[in-house]
Every structure is written in structure tokens, then in C-alpha cells.
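Student: Give me coordinates for this.
(chains A, B and C)
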Amino acid sequence: MEMFDLMLNHFGPQNWWPAETDLEVMVGAVLTQNTNWKNVERAIENLKDKGLLSVANLNATPNSELAHLIRPAGYYNIKAKRLKNLMYFIAERYQADLSMFMEDDTQTLRQGLLSVNGVGPETADSILLYAAHRTVFVIDAYTYRILSRHGMISEDQATYDGLQDLFIDHLPEDASLFNEFHALIVKTGKNYCKRKPLCDRCPLEKWGPCHAVDLPGNLD
DNA sequence: CACCAGGCAAGTA
DNA sequence: TACTTGCATGGT
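Tutor: Presented below is the predicted three-dimensional model:
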């Protein structure tokens, strides 16, 4: 059985991204950087209560006020700047019109997003996959943790682009699959100890020996 | 008390 | 190029 089916059978569909609008996905993508999602939900709720979840309104909000509202998400000063950097990018290049943003081609969007200070590869790809519904595979710390813990990757593959290529090369080009796959990796990865090697809390091992799992890049 | 969370940029050598 | 550090709240 493949890794995806193992995770899906065990945890069920994750139905990501938890948001009402595409803009909310983008805002959440910045706010959740190295931060528990529960804290992000509070921050987003504050923005909703103030009616600030629009490109124009976020752009018009002073950094100090924005920082105060997103306080529960942590790193609030730097994230206020990063949010506004992203909104400014949408405003300048796409006339603050998200539908115009959505019409641009994927590679142009990715280059543009990565040019925004505060938007790195994971945030950019999360926006592309979960807001713009492009077939882009999102890599994160859990992806590296799970694959490395099971000996599925080598050191020279352990870069963002390297892992991304690995999944791209082994999976059909299907945005809904990429969506659920990454969400399941996050869900599964939470059960892996950060430092220790494989232990009885590490799901894939508990479900069966690694060599019985046909995973992307598995050399067994 | 320590450690972690759906990263990223800036500083250092 | 390759590490290291700052950013910060809230939960376990």
C-alpha cells in the first residue's frame, strides 16, 4: 500500500485549507509560519471581526493596529509587515484584484510571491495549491521528518526543491491529490517525535514495517 | 520547568 | 556558501 493510502485510511480526509475565502487562505499561510494553527484561527477571527479581510483594508491598516489584532499568532510585528508586503504585492501587480491574480500563470505567480519579503517557498506553494488551486506540491518540516525518519531520502535530496521534485516525479499531476497528500503529511507528522528516531509513536512504523510501504523514493 | 508549532530573513564567518 | 539567531504567543 502506498504512503498516501496508509495515511488516508488511518486519518481520513483532512479537507484543507480551512478557510472561507482564497484571501483568507493567503493570510493564514503567512500567519501560520512556524505557528500552531489554533493561534492563527484567533488572529484571523480578529481580522474578520474588524472587517479587515480584504486586500484594500489590510493595506490601509497601520502596522501597529494589525500587529495588535494578529497578536495570538505570535511574531506579530514581523507578520504584520509580511502580511502587508503580500497585500501590497497584490495591489501593485494585480490592482488589488484577486481574480486577476488567479488568472496569472503558475510560474509567474510563484516568482512573484517569492519576491515578497516574508514569503518563502512553503508559504508561496501553500498559496498556489490551496488558494490558487495549482498543481504544486507543498514541502514542510514534517515532510522531511517523515521521509528521513523512514530512510526514504538521501542528504542531497533533503532540500525544498529536491523533495518537491521527488513527489512530482512519483505522483500524477492532480491538485486535489496534492492538497490531501500534504494535509495528511502534516496530520501524520504531528505523531512523530521531533528529535528521537522512530519510536512506537511514529505511525507508519506502527502500521507496518517500512519495507512493506511503497513510498515515493523508497528504495526497498 | 522545557519543548513545540502548517517559516523566513538577516546576520555571521 | 553554510550555519546561526531573532521573531513570540499559547498549548502540552
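
Student: Local confidence estimate at A:Ala131?
Tutor: Model confidence at A:Ala131, given as pLDDT, is 98.

Student: most centrally placed residue in chain A?
Tutor: Centrality entry for chain A: nearest residue to the mean C-alpha point is A:Ser126, 4.0 Å, by Cα atoms, centre = their mean.

Student: Model confidence for the residue in chain A positioned nearest to DNA strand C, exactly?
Tutor: For chain A, the residue closest to DNA strand C is A:Gly74, as judged by Cβ to the nearest atom of the strand, at 2.6 Å. From N, CA and C alone the C-beta is placed, and that goes for glycine too. According to the prediction, A:Gly74 has pLDDT 98.

Student: so who does it touch?
Tutor: By Cβ atoms under 8 Å, 6 or more residues apart in numbering, A:Gly74 lies in contact with A:Thr35, A:Asn39.

Student: again, but for A:Tyr76
Tutor: Contacts of A:Tyr76 (Cβ under 8 Å, 6+ apart): A:Ala67, A:His68, A:Ile70.

Student: May I see the residues you listed organised as TSV, with secondary structure, neighbour count and pLDDT added?
Tutor: Converted to TSV, these look like this (DSSP: H, G, I helix; E, B strand; the rest coil; neighbours: other Cβ atoms under 10 Å; pLDDT from 0 to 100):
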residue	secondary structure	neighbour count	pLDDT
A:Ala67	helix	18	98
A:His68	helix	13	98
A:Ile70	coil	25	98
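
Student: ok, those vs A:Thr21, which is closest?
Tutor: A:Thr21 lies nearest to A:Ile70 out of these, by Cβ to Cβ, at 17.1 Å.

Student: Is DNA strand B within reach of stretch A:7-15?
Tutor: No - Stretch A:7-15 lies apart from DNA strand B when judged by Cβ under 7 Å from any atom of the strand; the minimum separation is 7.9 Å.

Student: which helix in chain A runs the most residues?
Tutor: helix A:76-94 (DSSP state H).

Student: near DNA strand B, which of the contacts of A:Tyr76 show up?
Tutor: Among those, DNA strand B is touched by none when using Cβ under 7 Å from any atom of the strand.

Student: Tell me how many other residues crowd A:Lys48.
Tutor: Other residues within reach of A:Lys48 by the criterion other Cβ atoms under 10 Å amount to 13.
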